[in-house]
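**Student:** here is a sequence together with a model predicted from it:
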Amino acid sequence: MSLPTKKIIITSSVILASFITGIIISPYILTSTPSLNKEIRKNFNYQFINPLLECENSIISQDSNLTSLKNSIQFIINQETDNNKITFASIYYRDLNNGPWFSINAGEYFSPASLIKVPVMIAYFKAAEDDPSILAKKITNSKTFDYSQQNITPTQVLEIDKEYTIEDLINRMIIYSDNAAYELLLSNIDNIKIYNVYQDLDVDISKAQNDPNGNIITVKDYASFFRILFNASYLNQDMSEKALGLLSKSQYYKGLVAGVPENITIAHKFGERQFLPSREKQLHDCGIIYLPGKPYLLCVMSRANDFNQAAGFIKQVSKVVYDEVSKNANPQ
């Protein structure tokens, strides 16, 4: 793909400014200290969620493989950096059964790019809990969208002068990562509802006030969106299940998906961003890997000079994590 020379390629993260403008954002601080609570869950026969019922006060024993796994991933990061395959990476891993986690370079900020579509979906589904008719509302796509702005282009695109329901646009935004669907959805919701998702989850996006196009979110903060969906602790159970069901249909197969067997379900979202004149590229992939008996959350954010090399790095991390975690899984 030829690169334009006069401006930063616009990705969906640019649109973040539309609901940041005019809103005073207070910073929120998330602790990096592992939880001291044991999570109590009950299977409600859902496919994608496992609602969190309560917590008991007891120290969670860390998985004996976490130190080894973290060291293995750090080795891959060092190796790929030394070989100029990537320039930087952040990792967040969490065992979703009872909470042990680790992170690498968790304080680094990245551009969310298309990852930002997940909180937009959450905002719509939150509104639909009170008014289900929202999802049936129809919107006409009245303009042609320049899909060349997306480096990873959707396999299905919107047609000009055609009506789409809100639900259909959400599906396209998540499954195909369609920026046109995203922009239509953004223009038809009160921006405060999207902001409230960040605020309610204590996700700090204060950096977007000064640079909405830039590096505004950390890997650990972004992982919060997947945790609350898995736990059904923000959206109700049906809406959480619906959201993760859509994410499981995401049509991006080069990152996390490429590192696990084909029969393993992954609910995930990727994001890609490139800057000029630095030519820096960012590629992220975050999601829940439904390893039977031991589902886990893995979020990888990377900087590189080439998208394919970044995708190869994410695949490596995904495979190493899957191979290690699956050794100790107990299929149910």
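**Tutor:** Alright, I've got the coordinates. Note that this is a predicted model, so its numbers are computed, not measured.

**Student:** tally of neighbours for Arg227?
**Tutor:** 19 (other CB atoms under 10 Å). To be clear about C-beta, it is placed using only N, CA and C from the backbone, and glycine gets the same treatment.

**Student:** next one: the one 4 residues further on
**Tutor:** As a burial measure, the neighbour count of Asn231 was computed by other CB under 10 Å and equals 19.

**Student:** that one touches Tyr46, doesn't it?
**Tutor:** No - using CB atoms under 8 Å, Asn231 makes no contact with Tyr46, being 11.6 Å away.

**Student:** residues in contact with the helix ranked longest in the chain?
**Tutor:** With secondary structure taken from DSSP state H, the chain has its longest helix at helix 307-326. For helix 307-326, contacts defined as CB atoms under 8 Å, 6 or more residues apart in numbering pick out 65, 68-69, 72-73, 76, 80, 85-86, 89, 91, 93, 95, 151-152, 254-261, 264, 272, 274, 281-283, 285, 289, 291, 294, 296, 298, 300, 302-304.

**Student:** let's see that with 7 Å instead.
**Tutor:** The contact list for helix 307-326 (CB atoms under 7 Å, 6 or more residues apart in numbering) reads 65, 69, 72-73, 76, 80, 85-86, 89, 91, 93, 151, 254-256, 258-260, 272, 281, 283, 285, 289, 291, 294, 296, 298, 300, 302, 304.

**Student:** can I get the helix or strand that contains His268 in CSV, CA atoms only?
**Tutor:** Element membership for His268 (DSSP states H and E) is strand 266-274. Output of strand 266-274 as CSV, limited to C-alpha atoms (Å, rounded to 0.1, in the frame of the first residue of the first chain):
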residue,chain,number,x,y,z
ILE,A,266,-12.0,-16.4,20.5
ALA,A,267,-14.0,-13.3,21.1
HIS,A,268,-11.7,-10.5,20.2
LYS,A,269,-11.1,-7.1,18.5
PHE,A,270,-8.1,-5.8,16.6
GLY,A,271,-7.0,-2.3,16.0
GLU,A,272,-4.5,-0.9,13.4
ARG,A,273,-3.0,2.6,13.1
GLN,A,274,-0.2,4.2,11.2
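
**Student:** mind checking how far the following helix or strand past that strand is from the chain centre?
**Tutor:** Counting by DSSP H and E, the element after strand 266-274 in chain order, helix or strand, is strand 281-289. Offset of strand 281-289 from its chain centre (CA atoms, centre = their mean, to the nearest Å): 6 Å.

**Student:** just stretch 199-215 next, same as before
**Tutor:** For stretch 199-215, the distance to the chain centre is 15 Å (CA atoms, centre = their mean).

**Student:** so which of the contacts of helix 307-326 belong to strands?
**Tutor:** 89, 91, 93, 272, 281, 283, 285, 289, 296, 298, 300, 302, 304 (DSSP state E).

**Student:** hang on, the earlier thing: and the strand holding His268, which strands flank it?
**Tutor:** strand 281-289 (antiparallel) (DSSP bridges).

**Student:** not counting its neighbours along the chain, what's nearest Gln150?
**Tutor:** Ranked by CB to CB, 6 or more residues apart in numbering and with sequence neighbours excluded, the top spatial neighbour of Gln150 is Asn179, at 5.8 Å.

**Student:** so what's that neighbour scoring on pLDDT?
**Tutor:** pLDDT, the model's per-residue confidence, is 93 for Asn179.

**Student:** do Gln156 as well
**Tutor:** 88.

**Student:** make 4 the first number, not 1, from now on.
**Tutor:** Done: numbering now begins at 4, and the last item shifts to Gln159.

**Student:** that one: neighbouring residues, count only.
**Tutor:** Residues near Gln159, counting by other CB under 10 Å: 12.

**Student:** give me the low-pLDDT residue ranges for this structure?
**Tutor:** Low-confidence segments of the chain (pLDDT under 70): 4-47, 55-68, 334-335.

**Student:** quick one: the helices in it?
**Tutor:** 20-23, 69-85, 120-133, 169-178, 182-189, 194-203, 222-234, 240-250, 310-329.
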